[in-house]
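Colleague: Provided below for reference: sequence and predicted model.
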Amino acid sequence: MKTRPGVALTAALLVLAPLAGCSSSGGSAAVVRPAAPVDVSGLVHTSANGAVDPAKPFTVTADQGGRLTDVTVTGADGRVVPGRLAADLKSWQSTGRLKADTRYAVRVAADDGKGGRGETSSEFGTVAATRLLTAELGPDSAGTGVYGVGQPLTVELSEAVKDPAARQEVERGLTVASEPAVTGAWYWVDGKNLHFRPKDYWPANAKIRFAFDLKGVPIADGLYGGEPVSRSLSTGDRVEVVVDAGSHYLTYRRNGEEVRSIPVTTGKPGFSTRNGIKVVLGQEAQVRMNGESIGIREGSSEAYDLQVKWATRVTWSGEYVHAAPWSVGSQGVENVSHGCTGMSTDNAKWFFDQTRIGDLVQVVNSKGAPMEPFGNGFGDWNVPWADWVAHSALGAPVSTGGPTRLAAAHADDPVMR
């Protein structure tokens, strides 16, 4: 028995059952004899020669007048690798991608061209990857893992992916499942960062799980998927806050019902609050605010250095909704802040207690610039849906429901039960 180095072939003879013959009118029954079982291991060869490069097709060929009748290549996870049998039945080539550092089983059925048939089996392994693409998922599900309905899902890759085909491969490895289901899409912020959001806000009290799983899959030249990672979270009530810089009032709504209207002050001329939809990033019971952090020179007429209570952050650059007892006389009347939304201490404490990370704060009728989509917090909801989908590598929205999505979310996850 002749084999290639590194490949163990085991002959498994195939015995075909006799077939019943049909008799012609007035004639004797014609018997179709089964093909004789033979050892075909000597006429079947594979491209395996030691560890296989997963970036290249795996091939099986037949010689000595033989022909291939069936080839099956199966991974350790039970998945069959797609392949194509040549029209002359002399060769087979994989069309699906092989994974790095993975064992595969090969089963080949062939005939010897002389009326004999048989099966042979072998195994091979693929080489380990030297460059792995891993992902960090957000939010980090700290605390209770419950977020507001505006919270985007984020992915930060370990290295930049620029090739369009490689980006498509990355998106195929990202699975989002939710109950109830939504329509959403991924947006490539840059080569390393992706955001996922639904077309509309997340439903209230939804269960969400998302994962990145491309372990061993070729992504780009020399780059393969690393260890899989997943994250689970849920949403709370639908909290929507509108800050009207023109009327100087904040309106707080929960699940569509107005709960409270609060007099506020926003940014004065030269420090106008950004217009647009923002997402709560964090909360601090007390935080030091210093004018130098936003470019105000120490000692100038606009300088300040304060310990501020009940601060709810909506941008990384320092925009908060917070207590401002020094401006109570202006609240509901005029805008006198340096960009934040200020209110009385009692109102700020109430707002702080009623709000969580991921809740929505929209500023309208301000003379400030629009909220940035990315880089200064989550301005994702200011991007029109068509533009959002256009920045997906696959160019299409996805549903977070259905059997495939829910199965990928892992049935043993308590968040998805």
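Modeller: Received, thanks.
Colleague: Buried residues, stretch 162-172. List them.
Modeller: Within stretch 162-172, the residues that qualify as buried by neighbour count (16 or more other C-beta atoms under 10 Å) are 166-171. C-betas here are computed from N, CA, C, even on glycine.
Colleague: Tabulate these in TSV, adding columns for pLDDT, secondary structure and distance to residue 181.
Modeller: Shown next, in TSV, are these (pLDDT from 0 to 100; DSSP: H, G, I helix; E, B strand; the rest coil; distance: C-beta to C-beta, whole Å):
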residue	pLDDT	secondary structure	distance to residue 181
166	97	helix	28
167	98	helix	25
168	98	helix	23
169	96	helix	24
170	98	helix	22
171	97	helix	18
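Colleague: Phi first, then psi, for the residue nearest in space to the middle of the chain.
Modeller: Using C-alpha atoms, centre = their mean, the residue of the chain that lies closest to the mean C-alpha position is residue 174, 3.0 Å off. Main-chain dihedrals, residue 174, degrees, to the nearest 10: phi -100, psi 120.
Colleague: isn't it right up against residue 186?
Modeller: Yes - applying C-beta atoms under 8 Å, one finds residue 174 in contact with residue 186, separated by 6.5 Å.
Colleague: so what sits against both of these two?
Modeller: 194, 196 (C-beta atoms under 8 Å, 6 or more residues apart in numbering).
Colleague: And for residue 329, the neighbour number?
Modeller: A count of nearby residues for residue 329, using other C-beta atoms under 10 Å, gives 10.
Colleague: right, I mislabeled it, should have said residue 260
Modeller: Neighbours around residue 260, by other C-beta under 10 Å: 14.
Colleague: can you check residue 333 too?
Modeller: Neighbour tally, residue 333, other C-beta under 10 Å: 12.
Colleague: One more: residue 278?
Modeller: Neighbours of residue 278 (other C-beta under 10 Å): 30.
Colleague: check contacts around it.
Modeller: Residue 278 neighbours (C-beta under 8 Å, 6+ apart): 314-315, 319, 360-363, 371, 377-379.
Colleague: for it, helix, strand, or coil?
Modeller: Here residue 278 is recorded as strand under DSSP: H, G, I helix; E, B strand; the rest coil.
Colleague: Now it: closest residue in space that isn't a chain neighbour?
Modeller: residue 314 (4.1 Å; C-beta to C-beta, 6 or more residues apart in numbering).
Colleague: Just the pLDDT for that neighbour.
Modeller: pLDDT for residue 314: 98.
Colleague: Contacts only, for it.
Modeller: Contacts of residue 314 by C-beta under 8 Å, 6+ apart are 278-281, 320-321, 361, 377.
Colleague: dump the residue contacts of the nearest residue in space to residue 36 that is not next to it in sequence.
Modeller: Among residues not flanking residue 36 along the chain, residue 116 sits closest, at 4.6 Å (C-beta to C-beta, 6+ apart). Counting by C-beta under 8 Å, 6+ apart, residue 116 touches 35-38, 40.
Colleague: now do residue 368
Modeller: 245, 267, 272-275, 339.
Colleague: Ranking by neighbours, what's the top pick from those?
Modeller: Result: residue 273 is most packed of those (other C-beta under 10 Å), 29 neighbours.
Colleague: What's the separation between the residue nearest to residue 36 and residue 39?
Modeller: 9 Å (C-beta to C-beta, to the nearest Å).
Colleague: Can you check my assumption that residue 219 lies in a helix?
Modeller: No - the assignment for residue 219 (three-state DSSP) gives strand, which keeps it out of a helix.
Colleague: Can you list the low-confidence ranges for the stretch 1-150 of the chain?
Modeller: Across the stretch 1-150 of the chain, residues meeting the criterion (pLDDT under 70) sit at 1-35, 141-143.
Colleague: now the strands for it?
Modeller: 10-12, 36-37, 44-46, 59-62, 67-75, 83-85, 91-94, 103-111, 116-125, 131-133, 135-138, 146-147 (DSSP state E, counting those that start in this stretch).
Colleague: ok, and what's touching the last one?
Modeller: Which is strand 146-147. 139, 233-236, 356-358.
Colleague: quick one: average confidence on the helix or strand that that strand is followed by?
Modeller: Following strand 146-147 in sequence order, the next helix or strand is strand 153-157 (DSSP states H and E). Strand 153-157 shows an average pLDDT of 98 in the prediction.
Colleague: Give me the buried stretch members for strand 153-157, please.
Modeller: 153-155, 157.
Colleague: For those residues, work out which two are farthest apart.
Modeller: 153 and 157 (13.9 Å; C-beta to C-beta).
Colleague: quick revisit: out of the buried residues of strand 153-157, which is nearest to residue 394?
Modeller: Looking across the buried residues of strand 153-157 and measuring by C-beta to C-beta, the closest to residue 394 is residue 155, at 14.4 Å.
Colleague: and which of the buried residues of strand 153-157 is nearest residue 55?
Modeller: Closest to residue 55, out of all of these and judged by C-beta to C-beta, is residue 157, at 19.7 Å.
Colleague: shaky segments in the stretch 151-300 of the chain?
Modeller: In the stretch 151-300 of the chain, residues with pLDDT under 70: 291-292.
Colleague: can you give me the strands in it?
Modeller: Counting by DSSP E, counting those that start in this stretch, the strands of the stretch 151-300 of the chain are 153-157, 174-179, 183-188, 193-198, 207-212, 218-220, 223-225, 229-235, 239-244, 249-254, 257-263, 276-279, 282-290.
Colleague: Report all helices and strands that the fourth one contacts.
Modeller: The reference is to strand 193-198. Secondary-structure packing of strand 193-198 (3 or more C-beta pairs under 8 Å, 6 or more residues apart in numbering; DSSP states H and E): strand 153-157, strand 174-179, strand 183-188.
Colleague: Just the residues contacting it, thanks.
Modeller: By C-beta under 8 Å, 6+ apart, strand 193-198 touches 152-157, 170-171, 174, 176, 182-189, 210, 374, 378, 380-381, 388, 400.
Colleague: and stretch 357-368, which residues are buried?
Modeller: 357-363, 366, 368.
Colleague: Which of the residues you listed fall within strands?
Modeller: 360-363 (DSSP state E).
Colleague: tell me which of these is nearest to residue 133?
Modeller: residue 360 (32.5 Å).
Colleague: Can you name the residues that contact the closest one?
Modeller: Contacts of residue 360 by C-beta under 8 Å, 6+ apart are 148-150, 201, 239-241, 277-280, 381.
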